[in-house]
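Enquirer: the amino acid sequence is not available; the structure is as follows:
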């Protein structure tokens, strides 16, 4: 093999090794601690709530494709989630849409999952349409979303975020999750 993929916990950072490149980070939070944190405040003009089906999927897919085309550094590293995944999240009560009046502004989706033996809510997507990025909306949206998840499924929330997606890593931390480590590609 040309390279191997290793788990690198936060206490033993491998990204600094010669020939190593980061892959995905794992950000985890306890639902109870997120609920007890500072309240999530979105401006009054926004509505944010659950959807029973992924009716917004086509618009999301177009906006995400445009985002990827404009973000060349992430090319080949990120992809749209499938409509089937969004429908699964909706059935679990965890597909939320952010609206600015009648206009779609963002969405979040999660599902009950087990990763590396960790049972929790896996955040499979958090996306803001272009006009809403960089305005401090994402942390409030994520905090409100995660604090509303049904903790009878699990007490934790987690998600994998690409190592190069620094804004999303920062958002996850500001919303109450911790970067506990990640996968690293290492050349033999």
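Expert: Received the coordinates, thanks. Note that the coordinates shown come from a computational prediction; the quantities given were computed from them, not determined experimentally.
Enquirer: find the nearest non-adjacent residue to residue 92, please.
Expert: residue 111 (5.3 Å; CB to CB, 6 or more residues apart in numbering). (Glycine included, C-beta is placed from N, CA and C.)
Enquirer: okay, and the one you found sits in which element?
Expert: Using DSSP states H and E, residue 111 sits within strand 103-115.
Enquirer: name the residues that touch stretch 112-129?
Expert: With contacts defined as CB atoms under 8 Å, 6 or more residues apart in numbering, stretch 112-129 is touched by 7, 26, 28, 31, 60, 63-64, 67, 81, 85-86, 89, 92, 94, 98, 104-111, 137-138, 141-142, 145-146, 149, 153-160, 168, 171.
Enquirer: need the longest helix for the protein.
Expert: Assignment by DSSP state H gives helix 57-70 as the longest helix of the chain.
Enquirer: off-centre distance for the very next helix or strand once past it?
Expert: Downstream of helix 57-70, the first helix or strand assigned by DSSP H and E is helix 83-91. Centroid separation between helix 83-91 and its chain, computed with CA atoms, centre = their mean, to the nearest Å, is 15 Å.
Enquirer: please work out the average pLDDT along helix 83-91.
Expert: Across helix 83-91, pLDDT averages out at 94.
Enquirer: quick one, that helix and strand 103-115 angle?
Expert: Interaxial angle, helix 83-91 versus strand 103-115 (axes from the mean of the first three to the mean of the last three CA atoms, to 10 degrees): 90 degrees.
Enquirer: compute the inter-axis angle for helix 83-91 and helix 57-70.
Expert: If you take the same axes, to 10 degrees, helix 83-91 sits at 120 degrees to helix 57-70.
Enquirer: ranges for the strands of the chain?
Expert: With strands called from DSSP state E, the chain shows them at 4-9, 21-30, 46-50, 95-100, 103-115, 118-128, 156-162, 178-186.
Enquirer: of those strands, which is nearest residue 40?
Expert: Nearest to residue 40, of all the strands of the chain, is strand 46-50, at 9.0 Å by CB to CB.
Enquirer: for the closest one, what is the average pLDDT?
Expert: Averaged over strand 46-50, pLDDT sits at 92.
Enquirer: show residues contacting that strand.
Expert: With CB under 8 Å, 6+ apart, strand 46-50 has contacts from 42, 90, 93-100, 105, 137, 141, 144-145.
Enquirer: can you name every helix or strand that the helix or strand bottoming out on mean pLDDT in the chain contacts?
Expert: Taking mean pLDDT, DSSP states H and E as the measure, the chain has helix 57-70 as its least confident helix or strand, at a mean of 87. On a contact count with 3 or more CB pairs under 8 Å, 6 or more residues apart in numbering; DSSP states H and E, helix 57-70 meets helix 83-91, strand 103-115, strand 118-128.
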